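> Provide a 3D model corresponding to the input given below.
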Amino acid sequence: MLDLIILSIHFFICILISIAIWRGPKDVDLHSSSTETAETGPDGLICIGKEENIKKSGRITAKIDGREIVVFYHEGKFHALDSRCYHEGGPLCRGEIEDINGQACIVCPWHKFKITLETGEGLYEGINPLEPSSTPQWQSKGVKQRIHEVTIDNGNVYVCPPDLSVSFDSDYYAEKYKNGGELAMGK
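A predicted model of the protein is given here:
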């Protein structure tokens with residue numbers, strides 16, 4: 001009988017955890033056609049939040065014209081990039097930040113792809129068959145993730161709308177999940 005009670009409690013806890021994961025973090029919808037409270041700052045930049053609040057939370061998601069982005073505050077710097085991973089659309093807002101060879105990288109929670117916050121490069125560990133060293137080294141796949149310019153002005157954090165004349169691998173998932181609401185947050 002005790003085993004049945006323990007199993008029931010375990011099952012109940014698993015359900016609560018599943019619900020918490022399913023609901024996920026709330027995002028902010030900014031500068032979409034249905035939101036009139038978005039602030040446009042200097043030079044057409046979009047205000048996504050207060051500097052102090054983002055510093056406290058470490059990250060925030062927002063939408064700019066339906067495109068979901070994530071802004072990280074890490075080691076004294078703000079970084080903004082498309083919130084869906086270039087690989088298969090994983091929610092980068094739920095990833096952990098790791099230091100890889102002196103570069104801050106977001107690790108996609110779905111498949112552990114590593115993306116530099118500064119440049120959007122995809123990194124992988126590999127062996128160069130032409131070198132005698134058999135130790136894997138971190139190498140770049142090139143820029144895969146769209147990054148967005150961040151500006152701080154009067155305590156507000158602004159993001160520059162994306163220049164879509166240049167394409168990146170992450171654009172596919174940014175478009176796929178555009179205006180996707182809960183689907184966009186991986187719920």
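
> And the helices in the chain?
Per DSSP state H, the chain carries helices over the ranges 2-23, 51-57, 171-176.

> Quickly compare these and say which is most buried.
Mean neighbour count, computed with mean count of other CB atoms under 10 Å, is highest for helix 171-176 among the helices of the chain, reaching a mean of 17. Any C-beta I mention is one placed from the backbone N, CA and C, and that applies to glycine too.

> and that helix, what does it pack onto?
strand 77-82 (3 or more CB pairs under 8 Å, 6 or more residues apart in numbering; DSSP states H and E).

> Pull out the buried positions in the strand it packs on.
Buried residues in strand 77-82, defined by neighbour count with 16 or more other CB atoms under 10 Å: 78-82.

> With stretch 118-125 instead?
119-123.

> now the closest residue in space to residue 85 that isn't next to it in sequence: how far from residue 13?
Of all residues not flanking residue 85 in the chain, residue 108 sits nearest, at 4.1 Å (CB to CB, 6 or more residues apart in numbering). Remark: distance between residue 108 and residue 13 (CB to CB, to the nearest Å) = 27 Å.

> for residue 73, same thing?
From residue 73 to residue 13 the distance is 32 Å (CB to CB).

> do residue 114 as well
For residue 114, the distance to residue 13 (CB to CB) stands at 32 Å.

> on that earlier part again, which of the buried residues of stretch 118-125 lies closest to residue 68?
Using CB to CB, residue 120 is the member of the buried residues of stretch 118-125 that lies nearest residue 68, at 15.3 Å.

> okay but residue 161 is in contact with residue 44, surely?
Yes: contact criterion CB atoms under 8 Å: residue 161 and residue 44 qualify, at 6.8 Å.

> When those two are compared, which one has more neighbours?
residue 161 (15 against 9; other CB atoms under 10 Å).

> per-residue pLDDT, the more buried one?
In this model, residue 161 is scored at 89, pLDDT.

> Out of the helices and strands in this structure, which is least certain?
strand 28-30 (a mean of 43; mean pLDDT, DSSP states H and E).

> Now do the same contact list for the closest residue to residue 136 other than its chain neighbours.
Closest residue to residue 136 in three dimensions, ignoring its sequence neighbours and counting by CB to CB, 6+ apart: residue 125, at 4.3 Å. By CB atoms under 8 Å, 6 or more residues apart in numbering, the residues touching residue 125 are 136-139.

> Beta-bridge partners for residue 125, please?
Beta-bridge pairing for residue 125 (DSSP bridges): residue 138.

> who's in contact with residue 86?
Contacts for residue 86 (CB under 8 Å, 6+ apart) come out as 113, 115, 122, 144-145, 168-170, 172-173.

> Return the member of the residues you listed nearest to residue 156.
Using CB to CB, the contacts of residue 86 come closest to residue 156 at residue 145, 24.4 Å.

> confidence score at that closest one?
Residue 145 is given a pLDDT of 97.

> Wait, it touches residue 169, no?
Yes: the criterion here is CB under 8 Å, and residue 145 meets it with residue 169 at 7.2 Å.
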